[in-house]
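K.L.:
the following block contains a protein sequence and its predicted model.
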Amino acid sequence: MKVDGTLLDLKSRGFVVVRDVFDTKLLATIEADARRPNPNGRKFIQFAPDDIRVAAQEASQTLLGQIREQTGIGVSMFEGALYFHANGKKNARADGTGETFDIHTDRLAYYLVQDFSQYLNFWFPIVKPDPTKSGLVVIPRDVLKEKDPSIFEATDCRGAAEYLGFRPNGFEYEADGAFKQLTPQVDLNDLAIVPSVSPGDVLLVRGDVLHGTQDNDTDRIALSIRAINPNYVVKQSVFLTMSKHKYDRLLAEAHFTATVLDAFGGQPEVRLGELVSRMAARDKTGRMPLPMFCNLTGSATT
């Protein structure tokens, strides 16, 4: 296992690549699972079962410990796992495969986690013919801070943001229960980079890093698992503080919303690990906490 740069880049840039986390045996196991028929009907995204999540966490234990020790980001718990497929067809959407996502930060996960500096996306390429293609676009936070301080401040430790384009009010985000807009000072696409990664590597991305899909040009499979800080205390009042946009999204995700509120159990605050465990126990679909990633009836987040 080798880090490109240092894990402290998670604090400054918001992302880092770590080489050779998965061995060839584990990669083969995950690829075989990812290629099974997808029962949810959408070919570009599918659930990874618990045994895959557990195997990934076991392979990442040393790395998780180093992250906590060196950065102060207290992640120690993998929650939920999804496969994202590209299919080698440019901009393919008609058959439900290879969808791409513009620059954003995740919404539902942010509503639940509440502090995205304590939340990491472990993005494992499982099949990736070209290390430089069909990857994850990220905007380095140190560069964003220099080039557009307002958007940096708007996204610091937060999610629920979307870049609509280099135009007036081309950036939307939520903060403290209010929906807000900013006019970007630069085209964020010009700040974006695509880290080169290969099967066995992992791209670690902080939750508040603006990110999106590079392209759909190659036959790529990625396993995305979110790591949380189970000791972080989340508050029911923060979950219920919302803009009209957040209200509409939570209403559309009524099952998720009801499960979260039920898991709070009337308590004003709960440790995140306990809350997620309660959610999983209460969920009847066996797919919680899926909405930490996406809405299968709408659009995925990564």
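P.N.:
Noted; the coordinates are in hand.

K.L.:
check which residues of stretch 154-166 are buried.
P.N.:
154, 155, 158, 159, 160, 161, 162, 163 (16 or more other CB atoms under 10 Å). Glycine gets a C-beta too; all of them are placed from N, C-alpha and C.

K.L.:
quick one: contacts for the residue positioned nearest the centre of the chain?
P.N.:
Nearest to the geometric centre of the chain sits residue 121, at 4.7 Å (CA atoms, centre = their mean). Counting by CB atoms under 8 Å, 6 or more residues apart in numbering, residue 121 touches 203, 204, 205, 206, 207, 211, 224, 225, 226, 227, 302.

K.L.:
does it sit in a helix, a strand or a coil?
P.N.:
Under the three-state scheme (DSSP: H, G, I helix; E, B strand; the rest coil), residue 121 adopts strand.

K.L.:
give the buried residues for stretch 267-280.
P.N.:
Neighbour counts over stretch 267-280 (16+ other CB under 10 Å) mark 270, 272, 273, 274, 275, 276, 277, 278, 279, 280 as buried.

K.L.:
do you know the pLDDT at the closest residue to residue 102 other than its chain neighbours?
P.N.:
Excluding the flanking residues, the one nearest residue 102 by CB to CB, 6 or more residues apart in numbering is residue 212, at 5.2 Å. With respect to pLDDT, residue 212 has a value of 93.

K.L.:
what does the one 3 residues further on give?
P.N.:
Here the pLDDT value assigned to residue 215 is 86.

K.L.:
assumed it was part of a helix.
P.N.:
No. Residue 215 sits outside any helix when classified using three-state DSSP, being coil.

K.L.:
what is the burial count for it?
P.N.:
Neighbourhood size, residue 215 [other CB atoms under 10 Å]: 16.

K.L.:
pretty sure it contacts residue 136?
P.N.:
No. With contact defined as CB atoms under 8 Å, residue 215 does not reach residue 136; the gap is 10.9 Å.

K.L.:
now, which of the contacts of residue 121 lie within strands?
P.N.:
203, 204, 205, 206, 211, 224, 225, 226, 227 (DSSP state E).

K.L.:
what is the nearest of these to residue 111?
P.N.:
Taking CB to CB as the measure, residue 111 sits nearest to residue 226 out of the ones in strands among the contacts of residue 121, at 13.6 Å.

K.L.:
excluding its backbone neighbours, what's nearest residue 232?
P.N.:
Once flanking residues are discounted, residue 232 sits nearest to residue 272: 4.7 Å by CB to CB, 6+ apart.

K.L.:
just the strands from the stretch 1-150 of the chain, written as ranges.
P.N.:
2-3, 15-19, 45-47, 77-85, 104-105, 119-127, 136-138 (DSSP state E, counting those that start in this stretch).

K.L.:
any idea which of the ones you listed scores lowest on pLDDT?
P.N.:
Note on the strands of the stretch 1-150 of the chain: strand 45-47 shows the lowest mean pLDDT, a mean of 83.

K.L.:
the strands of the stretch 1-150 of the chain: which one's closest to residue 244?
P.N.:
Taking CB to CB, strand 104-105 is the member of these nearest to residue 244, at 18.7 Å.

K.L.:
which secondary structure state does residue 230 sit in?
P.N.:
Once three-state DSSP is applied, residue 230 turns out coil.

K.L.:
what's the nearest residue to it once chain neighbours are set aside in contact with, if anything?
P.N.:
Distances taken as CB to CB, 6+ apart place residue 273 nearest to residue 230, at 2.4 Å, with adjacent residues excluded. By CB under 8 Å, 6+ apart, residue 273 lies in contact with 77, 228, 229, 230, 231.

K.L.:
quick one: pLDDT of residue 273?
P.N.:
In the predicted model, residue 273 carries a pLDDT score of 95.

K.L.:
residues in contact with the closest residue to residue 223 other than its chain neighbours?
P.N.:
In space, and not counting its chain neighbours, residue 223 is closest to residue 124: 4.4 Å by CB to CB, 6+ apart. Contact analysis of residue 124 by CB under 8 Å, 6+ apart lists 21, 22, 30, 56, 201, 202, 203, 222, 223, 224, 225.

K.L.:
residues near the third one, how many?
P.N.:
For residue 30, the neighbour count with other CB under 10 Å is 23.

K.L.:
residue ranges with poor pLDDT in the stretch 201-302 of the chain?
P.N.:
284-302 (pLDDT under 70).

K.L.:
tell me the strands in it, going along the chain?
P.N.:
In the stretch 201-302 of the chain, the strands defined using DSSP E, counting those that start in this stretch lie at 202-206, 211-213, 221-228, 233-235, 269-271.

K.L.:
name the helices or strands packed onto the first one?
P.N.:
The reference is to strand 202-206. Where contact means 3 or more CB pairs under 8 Å, 6 or more residues apart in numbering; DSSP states H and E, strand 202-206 is packed against strand 15-19, strand 119-127, strand 136-138.
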